[in-house]
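In: Here's my sequence, what's the structure:
(one chain, ligands or ions: 1)
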Amino acid sequence: MDDLVVGAGILGLTHAYHLARKGRRVTVVERGRKAMGASCRNFGMVWPIGQPTGEMENMAVASRGHWLAVVREAGLWHDTTGSLHLAYHPDEAAVLEEYQSQTAANSPDVASMRRILTPAEIGRRVPRVHTQGLECGLWSETEIGVDPRQVIWELPAWLNRTYGVEFRFGATALPLANGRWRVGPGESIKPGHVWICSGEDFETLYPEIFAASGLIKCKLQMMRATALTAGERIGPMLAAGLTLGHYKSFAHCPSLAAMRRRFAQEMPEYELYGIHVLVSQQGTGEITIGDSHEYDDAIEPYDKTRIDDLILRYLATFLKTNDLRIHTHWNGTYAKHPLKPYFIESPEPNVTIVNGPGGAGMTLSFGLSEKTTASV
Ligand SMILES: Cc1cc2nc3c(=O)[nH]c(=O)nc-3n(C[C@H](O)[C@H](O)[C@H](O)COP(=O)(O)OP(=O)(O)OC[C@H]3O[C@@H](n4cnc5c(N)ncnc54)[C@H](O)[C@@H]3O)c2cc1C
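Out: Numbers count the residues shown, from 1 in each chain. Model (predicted):
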């Protein structure tokens, strides 16, 4: 027995992938009958454009490469649709232009896959988008859409077939005496190394480490709409002005502060609930819409219809939504570090905790796991 991976969310699965490709024997233990954490509740956006230039952008781009290789090999739905950030106010347009010229200076290869589009170009490429009042948009080729439910629930069988990774579902992993770990009722193993990818569960394994880690929890509300008629595809995944205040990639744009002040004055409830609005379309044609951000003590088990109303109201400012029918509401919670892009800790020599990729866990997963497993 070489490796035990705790958790079959995206971080657990990508750790299993990299470890198994090194020829190691890997067992993944997942508490649920299938993984039902943040990894199956998200948009399925592999989103390098959200990462700041440097280490994190490089990790996201490397991760994207692994995503493409894996979903192609495993026959999983994906769309290299790219993304489009829409600007309806001069300060939003200024942020996009500043961002694009910073990227051109710092990462010319990445910048060559991005371009500012005029309203007329956007109208032709993405007819679902409102062009009235549109200043411009930033088109980017680097984003990929995957189906998070399909990926999380079907990758285990592919990892098993392709690399012999063993899975124990419906089993909580717990440390026992003498280096042994529980992997199921009455079943234990003695792993060489344990990778703890337990997501928002800070309470079961190494609770003291989590308590001291600074990690916080963040709850998001999401919705899904039925497929558009006649098989209509929107095109790129969409974001608008509010999103520019959310991702660190835009943090150095000089016009950002004024834009944020305007949003805080004009739309205080959006700030209160941490709402920005993203749209992805699945292979089924269904449309995933979100989201909000409520942290730690503000998290309640109940969803707020007010948040969903605010999300849909903002959505209608940039997308033609008359025929959109919401059929599902849900929430998800992820772990995030307020200062670091992820959290890695070794509480014992043969145990590594990998957690806290926040809202970029799908994006970073393969790249982050490649980094943590590099030395084995
Ligand atoms: C609504 C929402 C939208 C998002 N959208 C995006 C997006 O579009 N793009 C993006 O890049 N990121 C997105 N994210 C972030 C991303 O989903 C997360 O960062 C990522 O899924 C975290 O993966 P994980 O493997 O760490 O955790 P999880 O997916 O929560 O997996 C942890 C697993 O560990 C299991 N587990 C815990 N303890 C034990 C134990 N002791 N024994 C056995 N099993 C255990 C749990 O049951 C769980 O299945 C979004 C998140 C949310 C909530």
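
In: Now residue 358: closest residue in space, sequence neighbours ignored.
Out: Distance criterion CB to CB, 6 or more residues apart in numbering; nearest residue to residue 358, sequence neighbours excluded, is residue 336 at 3.5 Å. For the C-beta atoms, the positions are set from N, CA and C on the backbone; glycine is no exception.

In: correct me, but that neighbour touches residue 219?
Out: No - the criterion here is CB atoms under 8 Å, and residue 336 misses it with residue 219 at 11.0 Å.

In: Give me the contact list for stretch 287-294.
Out: Contacts to stretch 287-294, defined as CB atoms under 8 Å, 6 or more residues apart in numbering, come from residues 43-44, 218-225, 227-228, 234, 273-282, 300, 304, 307, 310-312, 315, 324, 326, 359.

In: ok, now stretch 110-128?
Out: 48-49, 53, 57, 61, 84, 86, 96-97, 100, 103-104, 129, 131, 134-142, 232, 234-236, 238, 319-320.

In: Tell me which of the contacts of stretch 287-294 fall in helices.
Out: By the criterion of DSSP state H, membership of these in helices covers 307, 310, 311, 312, 315.

In: Look through the stretch 101-250 of the chain and state the residue closest to the ligand.
Out: Closest approach between the stretch 101-250 of the chain and the ligand, counting by CB to the nearest ligand atom: residue 199, at 2.4 Å.

In: Spatially nearest residue to the closest residue to the ligand within the stretch 201-350 of the chain (excluding sequence neighbours)?
Out: Of all residues in the stretch 201-350 of the chain, the one sitting closest to the ligand is residue 332 (2.7 Å; CB to the nearest ligand atom). Distance criterion CB to CB, 6+ apart; nearest residue to residue 332, sequence neighbours excluded, is residue 41 at 3.3 Å.

In: and the one you found, how many neighbours?
Out: 21 (other CB atoms under 10 Å).

In: before we move on, what about residue 222?
Out: Around residue 222 there are 21 residues (other CB under 10 Å).

In: before we move on, what about residue 193?
Out: 19.

In: ok so, going back, and the ligand, which of the contacts of stretch 287-294 reach it?
Out: Among the contacts of stretch 287-294, proximity to the ligand is found for 43, 44, 220, 222, 359 (CB under 6 Å from any ligand atom).

In: close enough to count as contact, residue 3 and residue 25?
Out: Yes - counting by CB under 8 Å, residue 3 sits close enough to residue 25 to count as a contact (7.1 Å).

In: Between these two, point out the one with more neighbours.
Out: Applying other CB under 10 Å to residue 3 and residue 25 shows that residue 3 carries more neighbours, namely 23 against 15.

In: For that one, name its beta-bridge partners.
Out: Per DSSP bridges, the residues bridged to residue 3 are residue 26, residue 193.

In: Look up how far the ligand lies from it.
Out: Here residue 3 is placed at a distance of 15 Å from the ligand (CB to the nearest ligand atom, to the nearest Å).

In: still on that earlier bit, who's more crowded, residue 336 and residue 219?
Out: residue 336 (24 against 21).

In: thinking again about what came up before, can you select the buried ones among the contacts of stretch 287-294 for me in PyMOL?
Out: Buried members of these, defined by 16 or more other CB atoms under 10 Å, are picked up in PyMOL with:
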select buried, resi 43+44+218+219+220+221+222+223+224+225+227+228+234+273+274+275+276+277+278+279+280+281+282+307+310+311+312+315+324+359
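
In: So which of the contacts of stretch 110-128 sit within strands?
Out: By the criterion of DSSP state E, membership of these in strands covers 84, 86, 136, 137, 138, 139, 140, 238.

In: quick one, helices of the chain?
Out: Using DSSP H, helices in the chain cover 10-21, 55-74, 90-106, 108-111, 119-125, 148-163, 207-213, 241-244, 256-266, 268-272, 305-318, 361-372.

In: Touching the last one from outside, list them.
Out: The reference is to helix 361-372. In contact with helix 361-372 (CB under 8 Å, 6+ apart) are residues 9-11, 13-15, 17-18, 38-39, 42, 44-48, 50-51, 56, 58-67, 70, 146, 148, 195, 334, 341-342, 344, 352, 354, 357.
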